[in-house]
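1. requesting a structural model of the entry that follows:
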Amino acid sequence: RGPARLALPVLHLATAGVIGLRLGRDNSVAPHRAAGAIVICHWSYGAGFLRGLGRWLTGRRFETRRR
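-> This is a model prediction of the structure:
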């Protein structure tokens with residue numbers, strides 16, 4: 001509770017920032033864009049994984065097209 005619940009999001013953003021800075025050593029990479037891309041990809045992959053896990057646990061099909 002309290003400030004402790006912010007520890008994980010702050011750690012995640014700090015890690016993405018450090019990785020972005022390391023990638024930014026190359027002149028063709030903007031550090032803020034690299035960090036943003038890392039955060040977006042990480043959250044998107046995680047959200048898709050959790051959604052798929054939820055579908056699998058509830059027994060719903062993955063196909064959405066009608067046959």
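2. let me see the mean pLDDT of the helix or strand harbouring residue 18.
-> Per DSSP states H and E, residue 18 falls inside helix 7-23. Per-residue pLDDT over helix 7-23 has a mean of 92.
3. other SSEs contacting that helix?
-> helix 31-58 (3 or more CB pairs under 8 Å, 6 or more residues apart in numbering; DSSP states H and E). For glycine as for every other residue, the C-beta is placed from the backbone atoms N, C-alpha and C.
4. buried residues in the helix it packs on, which are they?
-> The neighbour-count check on helix 31-58 (16 or more other CB atoms under 10 Å) flags 31, 34-35, 37-39 as buried.
5. same question, stretch 56-67
-> By 16+ other CB under 10 Å, stretch 56-67 has no buried positions at all.
6. check stretch 21-34 too.
-> 23-24, 31, 34.
7. that one: how far from the chain's middle?
-> Counting by CA atoms, centre = their mean, to the nearest Å, stretch 21-34 is centred 18 Å from the centre of its parent chain.
8. do you know how far residue 35 is from residue 4?
-> 24 Å (CB to CB, to the nearest Å).
9. same thing with residue 24?
-> 31 Å.
10. and if you look at residue 21?
-> Relative to residue 4, residue 21 is positioned 26 Å away (CB to CB).
11. what sits against residue 61?
-> By CB atoms under 8 Å, 6 or more residues apart in numbering, the contact list for residue 61 reads residue 55.
12. that one in helix, strand or coil?
-> coil (DSSP: H, G, I helix; E, B strand; the rest coil).
13. local confidence estimate at it?
-> Reported pLDDT for residue 61: 81.
14. same deal with the one 3 residues further on?
-> According to the prediction, residue 64 has pLDDT 72.
15. how about it, phi and psi?
-> Here is the backbone geometry of residue 64 (degrees, to the nearest 10): phi -110, psi -10.
16. just give the nearest non-adjacent residue to residue 33, would you?
-> Using CB to CB, 6 or more residues apart in numbering and skipping the chain neighbours, the partner closest in space to residue 33 is residue 20 (7.8 Å).
17. please consider this matter closed, and thank you.
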